[in-house]
Every structure is written in structure tokens, then in C-alpha cells.
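Engineer: Using only what follows, build the 3D model:
(one chain, ligands or ions: 2)
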Amino acid sequence: MTFIVSRSASSTLHVLKSRWLSVIGRQQHTQSSVEAKLIFTKPPGRLQLNVPTAILIRAYAAFISMSKPKVVFVLGPPGSGKGTQCEKIVKEFGYTHLSAGDLLREERNREGSEYGALIEDNIKNGRIVPVEITCALLENAMNKTKEATGNDRFLIDGFPRNEDNLQGWTNKMSDKVEQQFVLFFECSEQQCTERCLKRGESSGRSDDNAESLKKRFNTYINDTVGIIKHYEEQQLVKKIDASADADKVFERVKAIFAEQK
Ligand SMILES: Nc1ncnc2c1ncn2[C@@H]1O[C@H](COP(=O)(O)OP(=O)(O)OP(=O)(O)O)[C@@H](O)[C@H]1O
Ligand SMILES: O=c1ccn([C@@H]2O[C@H](COP(=O)(O)O)[C@@H](O)[C@H]2O)c(=O)[nH]1
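Structural biologist: Ligands and ions are numbered 1, 2, ... in the order given. Reported below is the predicted structural model:
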């Protein structure tokens, strides 16, 4: 018999966490015939339950999966409206928006960053920064958000963009997160370029110019499209026509998020 004494039902799973190793460490305790005694000691009453250990193990497995941050990747060509739609999703559905590009620009601007020059060189030329840098920035931002706000649902905007990104993320993060789906904004090069050039009149971005945009599109076609195909093969992609105005596009986005539990 395993005794688990807990102040309340809600804290029981946390108790289970600390007991998990000792429970599964002994083979006979994984048999469903072996019972664990759950004792809730929260006043005013004292509730005692006998629960098969196998059920506790399943509950704990569910708890572990529930407690993994949920991630939606947001992909599409430069200027397709990823950032614009992410802001709307944040307001309506309570996700935290993490733009890989914004995190890289922030790191580039950070005084003393050893990666500043390398990041700027890549951004200006529309190339992809090595995944070790981007993945570390993303993981750090996820942890900080979780700690500060408790929110563990993330829109990761503009990542993964190439094979190096995909491999690096898979190796380091795939066991730590629950991948919900990939939102893919489809929009023509001409329309996206027009949007970015217009944005360039005020954005101050070193890559919102015709020369950089040509390079960014080449990278998108040569590298990122393959990543979207990879997720399509896994039936993870939700494709959206992003050529309409932002509110119309959001109607389509909303329908996708509304069908998530
Ligand atoms: N549906 C839309 N119709 C017209 N303009 C849009 C639409 N969505 C976004 N924009 C404008 O286009 C520009 C690019 O949008 P946004 O920054 O959201 O795209 P993005 O995909 O995040 O771009 P990037 O990958 O280059 O960061 C912005 O100036 C934005 O206001
Ligand atoms: O995962 C990423 C994301 C971005 N970059 C670099 O930043 C620029 C700008 O990205 P936006 O998403 O348009 O803000 C992009 O062209 C890359 O150079 C990256 O390397 N890795």
C-alpha cells in the first residue's frame, strides 16, 4: 500500500510528482491490484480514498502532459501578417506571442551580446541564424513568461525556418512541449513585398528594403517551404489565405483556435 497524504485534491498531483519515482521504482506497485491510499487532510473533513496505483500512474502521466507548455508555430512568407495576427490571437485567446525575429533583434541590440554582429549580418542578408542562438532565446523567453505570468501557451512566430532550426528544436525542445499545430499564412510574394516596403517607411528594420526582401524570399522558398511541407506530412498544418484584410484573415484564424479545446 502506498500512502499519499495531501492537503487537497488539487495538490495531490504535486505530491504524486514527488512520489512518482518511488512508486514506479518498485515493479509490483505498477500492478493495478496494488492500491494506494489517498488521504486528503484539508479541514474541515478528512477524506480517505483507496485508488489503484495504475490509475495514479495514469493521472500523473496526464499531469505531466498537461503541464507541458503548448506551442503553436506560426509560419508564412515575410509580410504575410504573422505578427499582426499573433497580436489578435493574444487578445482573444490568451496565448503569449514570441517572435523569433523580435528576440533576435533584441539580442542583437543587447549591450555586450557576443552574437550581435552575427545576427545583424544574417538578418540583413535574409539568412537564418544558427539554431543554438534562436532556440536558447525562445526557451529562455518561455521560461521567463511561465515564471512571471503562469501562461504556458505560446505562439512561436517565424520559427522553425530551415532544417537546422527544425533539428535543433526537435533535439532540445520536442520532449518539453506539446506541439499543438502549425499556423501557415499563405500570401503572394508581390503582396507581401508591398506590405513590407510600406512597413519599411517607418519600421526602421534593416531588412525592410527591396534588396533584403529578395533575399528573404529566396530563403523562404528554398528553406522554409520544406519545413511547412514536413509539418503538412504530419497533418499539423492549418493553412490560411492571408491575402485579405487583417480582420477578414482573423475571422479564419479565430475559427481554427475556437475548435481547440
Ligand atoms: N491582412 C493584411 N492586409 C494588409 N496589410 C497587412 C495585413 N496584415 C498585416 N499587414 C501589414 O503588413 C506589414 C507586415 O505585417 P506583419 O508584420 O504582421 O507580417 P509578418 O509576417 O510578421 O512579417 P515579418 O515576417 O517580415 O516580420 C505590417 O505593416 C502590417 O501592418
Ligand atoms: O527563427 C528565426 C527567425 C528570424 N531570423 C532572422 O530574422 C529575420 C527577420 O525575421 P522576421 O520573422 O521577419 O521578424 C529573418 O529574415 C532572419 O534573418 C532567423 O534567423 N531565425
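Engineer: Report the closest residue of this protein relative to ligand 2.
Structural biologist: The minimum distance from the chain to ligand 2, using Cβ to the nearest ligand atom, falls at Gly101 (2.1 Å). Every C-beta, even on glycine, is put in place using the N, C-alpha and C of the backbone.
Engineer: show me what contacts that residue?
Structural biologist: Contacts for Gly101 (Cβ atoms under 8 Å, 6 or more residues apart in numbering) come out as 123, 157-158.
Engineer: just checking, Val253 touches Glu87?
Structural biologist: No: look at Val253 against Glu87 with Cβ atoms under 8 Å: they stay out of range, at 11.2 Å.
Engineer: Compare those two (neighbour count), which wins?
Structural biologist: Val253 (23 against 15; other Cβ atoms under 10 Å).
Engineer: helix or strand for that one, which one?
Structural biologist: In this structure, Val253 sits in helix 246-258 according to DSSP states H and E.
Engineer: What helices and strands are in contact with that helix?
Structural biologist: helix 82-93, strand 178-186, strand 237-241 (3 or more Cβ pairs under 8 Å, 6 or more residues apart in numbering; DSSP states H and E).
Engineer: Only the buried residues of the first one, if you could.
Structural biologist: Applying a neighbour-count criterion of 16 or more other Cβ atoms under 10 Å, one finds 82-83, 85-86, 88-89 buried in helix 82-93.
Engineer: Same check on the second one?
Structural biologist: Within strand 178-186, the residues that qualify as buried by neighbour count (16+ other Cβ under 10 Å) are 179-185.
Engineer: Just want the angle from it to helix 246-258.
Structural biologist: Here strand 178-186 points in a direction 150 degrees away from that of helix 246-258 (axes from the mean of the first three to the mean of the last three Cα atoms, to 10 degrees).
Engineer: Many thanks, I have nothing further to ask.
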